[in-house]
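Asker: Build me a model:
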Amino acid sequence: MLKSYLNAFQLGIVAGMRAMTAPALVSNKIASASVNPMGNSTLGFMHSSTAATLFKVAAIGELIGDKLPSAPDRIAFPAILGRIGSGALSGGALSEAEGKEAPYGAIAGAVGAAVGSYAFYYLRHWLTTEQDLPDPYVALAEDALAIGAGYLTVQQSDIRGVMA
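Answerer: Numbers count the residues shown, from 1 in each chain. Coordinates of the predicted model:
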């Protein structure tokens, strides 16, 4: 039971790094289920292939937009709220798809997103200012970490209706 909420927390950390990557990965996995594991819940839209596609497009847009000098700091208001919301959505949907309580998964995801946002903001700042690493390289490494960690977390989840 705790595994589901730990997965939700981990997805929240991914949302703190890249807000749209977490829901894109979760929705993609849920959409591959033969039967909607969400039933008629308010999170049932995550089973839609249309939602999965829209989240993927948003994630790609965010990966590009993050490299622009005009990109806002992830811990600035209201960006932090978007990341926390993304973590809550991803964590809640994953937990519900696993047959667990969505509100607890949402809380775990939201907390993970807050932790991930601040941790990776300060890590990136330290790497680029104190260690003199080029920001685009650090950003690309963070992209790879977010996608890889999120993918592994979603793949190890036990979503109902998904064939292994």
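
Asker: Local confidence estimate at the most centrally placed residue in the chain?
Answerer: For the chain, residue 22 is the residue whose C-alpha lies nearest the centre (Cα atoms, centre = their mean; 2.0 Å). You'll see residue 22 listed with a pLDDT of 97.

Asker: again, but for residue 75
Answerer: Here the pLDDT value assigned to residue 75 is 93.

Asker: Mind checking what secondary structure the residue nearest to it when sequence neighbours are not counted has?
Answerer: Nearest non-adjacent residue to residue 75, counting by Cβ to Cβ, 6 or more residues apart in numbering: residue 121, 4.9 Å away. Yep, even glycine has a C-beta here, placed from its N, CA and C like the rest. What DSSP: H, G, I helix; E, B strand; the rest coil gives for residue 121 is helix.

Asker: outside of stretch 65-77, which residues touch it?
Answerer: 16, 18-19, 79-80, 83, 117-118, 120-121, 136, 139, 143 (Cβ atoms under 8 Å, 6 or more residues apart in numbering).

Asker: That one: which residues count as buried?
Answerer: Neighbour-count burial for stretch 65-77, counted by 16 or more other Cβ atoms under 10 Å, picks out 66, 74.

Asker: you'd agree residue 9 is up against residue 114?
Answerer: No - assessed by Cβ atoms under 8 Å, residue 9 is found out of contact with residue 114, at 10.6 Å.

Asker: So which of those two has more stuff around it?
Answerer: Using other Cβ atoms under 10 Å as the criterion, residue 9 and residue 114 rank with residue 9 on top: 23 against 19.

Asker: got the CA positions of the helix or strand harbouring the more buried one in PDB?
Answerer: Element membership of residue 9, judged by DSSP states H and E, is helix 2-17. Coordinates of each C-alpha in helix 2-17 appear next as PDB, following Å, rounded to 0.1, in the frame of the first residue of the first chain:
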ATOM      1  CA  LEU A   2       2.800   2.400   0.800                       C
ATOM      2  CA  LYS A   3       4.400   1.600  -2.500                       C
ATOM      3  CA  SER A   4       1.600   3.400  -4.300                       C
ATOM      4  CA  TYR A   5       2.000   6.600  -2.300                       C
ATOM      5  CA  LEU A   6       5.800   6.400  -2.600                       C
ATOM      6  CA  ASN A   7       5.400   6.200  -6.400                       C
ATOM      7  CA  ALA A   8       3.000   9.200  -6.100                       C
ATOM      8  CA  PHE A   9       5.700  11.100  -4.200                       C
ATOM      9  CA  GLN A  10       8.300  10.200  -6.700                       C
ATOM     10  CA  LEU A  11       6.100  11.400  -9.600                       C
ATOM     11  CA  GLY A  12       5.600  14.600  -7.600                       C
ATOM     12  CA  ILE A  13       9.400  15.100  -7.600                       C
ATOM     13  CA  VAL A  14       9.300  14.600 -11.400                       C
ATOM     14  CA  ALA A  15       6.600  17.300 -11.600                       C
ATOM     15  CA  GLY A  16       8.800  19.600  -9.600                       C
ATOM     16  CA  MET A  17      11.500  19.200 -12.200                       C
END
